[in-house]
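Asker: model the following, please.
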Amino acid sequence: MTTWLITGCSSGIGRGIAKAVLKHGDNAVVTARNISTVTDIVENYPDTAIAVPLDITNKESIAGAVKAAADNFGGVDILVNNAGYGYRSSVEEGEEESVNLLFNTNFFGPIELIKQVLPYMRAQKNGAILNVSSIAAARSGVGSGYYAASKAALELMTDGLMKEVAPLGIKVMTVEPGAFRTKFYDTSLKGTQKQIEDYADTAWKTRKENIVDNQDQPGDPDKAGEVIYETMQKETLPKRLLLGSDAVKIVSAEMKERLQEIEDWSAISTQTDY
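Answerer: Next up is the predicted model:
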């Protein structure tokens, strides 16, 4: 039976994935910083689910989650790095400690978890790693530079990892969601406390305190969980799986714009050759 280790299951897409995995009969290590937020997911699956506390910024906590997966189910077949959060700030207003924590959560934490599960996957010559990114990695916005950078770093690391472990029988995929009805704009959104008046008409408009979440985003987290589960049953995975009609529209437009810019400036770009 396939065993999934899923981070960030207290709400949103992580929760949707956990529900889909268990509904389809697979094992799931369902994690969250506070396991009381996920006990309702696992209570109906006593033989195939365990709730495990996980602080993705703490190496000992990460090791404990992987050990729990090994002790209960023999290891991890599919790792889903979903835990993360947003941070709103102009680049200049960004606070060093907050930005470091953002990257530890969105980038370095997932890397540590990958390092912990890869020995098991290499030994069995099989496994899969899913890193949940964001359309922000393809197109950043005003006040979202740091968040977008953390997700872009995750994506490019994933691209390299994919090539390194493919000969070992391990699959890797990036998931790029659009806007979903989650807690992203609520408890999962942080922001700078620093204020520089010159950004009042730009970055301030997207600050955390100015965000109103009407829960009218197009994405359904439960449907995302089902799509991800079904995708993982396929022999070949996409390099990047977009989630949501808005994601398809936004990323397509960004890619077209980039290609057009390359074409417009190619005569200048190629003048640097010997």
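
Asker: for residue 17, report the pLDDT, please.
Answerer: According to the predicted model, the pLDDT of residue 17 comes to 97.

Asker: separation between the nearest residue to it once chain neighbours are set aside and residue 218?
Answerer: Distances taken as C-beta to C-beta, 6 or more residues apart in numbering put residue 225 closest to residue 17, at 4.3 Å, once the chain neighbours are dropped. For the C-beta atoms, the positions are set from N, CA and C on the backbone; glycine is no exception. When distances are taken as C-beta to C-beta, to the nearest Å, residue 225 and residue 218 turn out to be 16 Å apart.

Asker: okay, these two: which has more neighbours?
Answerer: Ranked by neighbour count (other C-beta atoms under 10 Å), residue 225 and residue 218 place residue 225 first, with 24 against 12.

Asker: which ones are touching the more buried one?
Answerer: Under the criterion of C-beta atoms under 8 Å, 6 or more residues apart in numbering, the neighbours of residue 225 are 13, 15-21.

Asker: just residue 135 next, same as before
Answerer: If you count contacts by C-beta under 8 Å, 6+ apart, then residue 135 has 176-178, 242, 246-247, 250-251 around it.

Asker: so residue 98 touches residue 86, yeah?
Answerer: No. Distance between residue 98 and residue 86: 11.7 Å, which falls outside the contact criterion (C-beta atoms under 8 Å).

Asker: quick one: common contacting residues for the two?
Answerer: The contact sets of residue 98 and residue 86 overlap at residue 190 (C-beta under 8 Å, 6+ apart).

Asker: so those two - more neighbours on which side?
Answerer: Neighbour tally, residue 98 and residue 86, criterion other C-beta under 10 Å: the higher count belongs to residue 86, 23 against 16.

Asker: the closest residue to residue 145 other than its chain neighbours sits in which helix or strand?
Answerer: Closest residue in space to residue 145, ignoring its immediate chain neighbours: residue 91 at 5.0 Å, by C-beta to C-beta, 6+ apart. In this structure, residue 91 is located outside every helix and strand according to DSSP states H and E.

Asker: same deal with residue 41?
Answerer: Residue 41 belongs to helix 39-42 when elements are defined using DSSP H and E.

Asker: top of the contacts of residue 135 by neighbour count?
Answerer: The residue in the contacts of residue 135 with the most neighbours, by other C-beta under 10 Å, is residue 177 (26 neighbours).

Asker: distance of that residue from residue 190?
Answerer: Applying C-beta to C-beta, one obtains 19 Å for the distance of residue 177 from residue 190.

Asker: now do residue 181
Answerer: Residue 181 is 19 Å from residue 190, by C-beta to C-beta.

Asker: next one: residue 15
Answerer: Distance check for residue 15 against residue 190: by C-beta to C-beta, it reads 20 Å.

Asker: could the contacts of residue 225 go into CSV alongside secondary structure and neighbour count?
Answerer: Compiled in CSV, the contacts of residue 225 are given as follows (DSSP: H, G, I helix; E, B strand; the rest coil; neighbours: other C-beta atoms under 10 Å):
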residue, secondary structure, neighbour count
13, helix, 28
15, helix, 26
16, helix, 26
17, helix, 32
18, helix, 29
19, helix, 20
20, helix, 22
21, helix, 29
